[in-house]
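In: Fold the following, please.
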Amino acid sequence: MNEKSYGGNNGIREHMGKVTRDKSKKNLQKINEKNKSKITSDSNQEIDSYIKAGEIAKKIRVFAGNLIKKDMLLSEIAKKIHDKIEELGGEQAFPVNLSIDDIAAHYHPTQEDKTLAAGLLKIDIGVHINGYIADTAFSLDLTDDKKHTKLIEAAESALNEALKLQDNDPTLNDIGKTIQEEIQNKGFSPIVNLCGHSLAQHNIHAGITIPNHANNNENTLPEGSYAIEPFATTGEGKIYEGPPSNIYVIDNYKKPRSPTARKIIDYVYEKYKTLPFSLREIQEKFGPMSRLGMKELVQNNIIHSYPQLIEKEHGIVAQAEHTFIKTKDNIIITTK
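Out: The predicted structure is shown next:
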């Protein structure tokens, strides 16, 4: 899940991430401050949790790849992936993104959503163990003539080349330049205002961004956990914020007026803290009144609604993503 709005540039702040807006409130600040620590060579419990989350995420990639068929309801796909994560002993780090064609990221179906799997479908998966996150994504070409194969290959190749660099302690410019050149050499454009990102406990976007294009940043990555996620497109290579994605995060934990809204926010705070959650899950748990409760929470700035992230020229978008851990001595790709 990317620094798309799943943090990034040009106003796209935290793609599925921690609360980073200036208006985030003190109720959540202690959680975020606690979870900024980097991985060190003796952080065995952290590393074990990251690796376990990655093992589950790998299985979910295979499960989703086998599950998804053209014209399948996105709502059915989302529920089955969510349930499978929990069946395997993990927790959802963010609602699975099921984004079609020019929607680069942040689409999650509601319970009653009739959208069908079609075109170029991006599946962005988040799993956590004890708050330590595995973030991974892949793309499926569901067209009859498989016309998006080369676009998907461009995103995957860019990811693989960026991962190969990690053993040599590359600069952020090295990583971004490699991604950009790999995508452009295949005839497409990288999306420049979506980025990779650092990870921390209960924190999808922990402060460091990894650009998908050449830049002037000669810093290298410190020890920690990171997600690299190139986006390749047939369009210009920029995204804008579109309609609501049906994905939310707590912005200011406080008690609302209505009983339904109070039940929802208490449930979300207990289960997700600073992690994103979906309207679909709230609908399943709280029933028909859940939409009114969620509306109240948004209107009172208690929760934040993420927008869909759409390619500016409505070009088709492919995504690829893996998580890796950088320790003093090793690079561990947890989701591959």
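
In: remind me, longest strand of the chain?
Out: Identified as the longest strand of the chain according to DSSP state E is strand 239-250.

In: elements contacting the very next helix or strand once past it?
Out: Counting by DSSP states H and E, the element after strand 239-250 in chain order, helix or strand, is helix 259-272. Helix 259-272 sits against strand 239-250, helix 279-286, helix 290-299, with contacts defined as 3 or more CB pairs under 8 Å, 6 or more residues apart in numbering; DSSP states H and E. For the C-beta atoms, the positions are set from N, CA and C on the backbone; glycine is no exception.

In: on that earlier part again, in PDB, could you pull the C-alpha coordinates for the longest strand of the chain?
Out: In PDB, the C-alpha atoms belonging to strand 239-250 read as follows (Å, rounded to 0.1, in the frame of the first residue of the first chain):
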ATOM      1  CA  ILE A 239      -2.700  10.900 -10.200                       C
ATOM      2  CA  TYR A 240      -5.500  13.100  -8.700                       C
ATOM      3  CA  GLU A 241      -7.900  12.500  -5.800                       C
ATOM      4  CA  GLY A 242     -11.200  11.200  -7.000                       C
ATOM      5  CA  PRO A 243     -14.400  10.000  -5.200                       C
ATOM      6  CA  PRO A 244     -14.400   8.300  -1.800                       C
ATOM      7  CA  SER A 245     -12.700   4.900  -1.700                       C
ATOM      8  CA  ASN A 246     -14.800   3.400   1.200                       C
ATOM      9  CA  ILE A 247     -11.600   3.300   3.200                       C
ATOM     10  CA  TYR A 248     -11.200   5.300   6.400                       C
ATOM     11  CA  VAL A 249      -8.800   6.000   9.300                       C
ATOM     12  CA  ILE A 250      -9.300   7.500  12.700                       C
END
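
In: wait, which of the helices and strands packed on helix 259-272 is closest to A64?
Out: Minimum separation from A64 across the helices and strands packed on helix 259-272 (CB to CB) falls at helix 279-286, 16.3 Å.

In: Residues contacting the closest one, please?
Out: For helix 279-286, contacts defined as CB atoms under 8 Å, 6 or more residues apart in numbering pick out 75, 78-79, 82, 95, 108-113, 246-248, 260, 263-264, 267-268, 290-291, 293-294.

In: Show me the domain layout of this structure.
Out: 39-243+312-333, 247-305 (automatic domain parsing).

In: returning to that earlier point: the helices and strands packed on helix 259-272: which one's closest to K328?
Out: Among the helices and strands packed on helix 259-272, strand 239-250 comes nearest to K328, with 32.5 Å by CB to CB.
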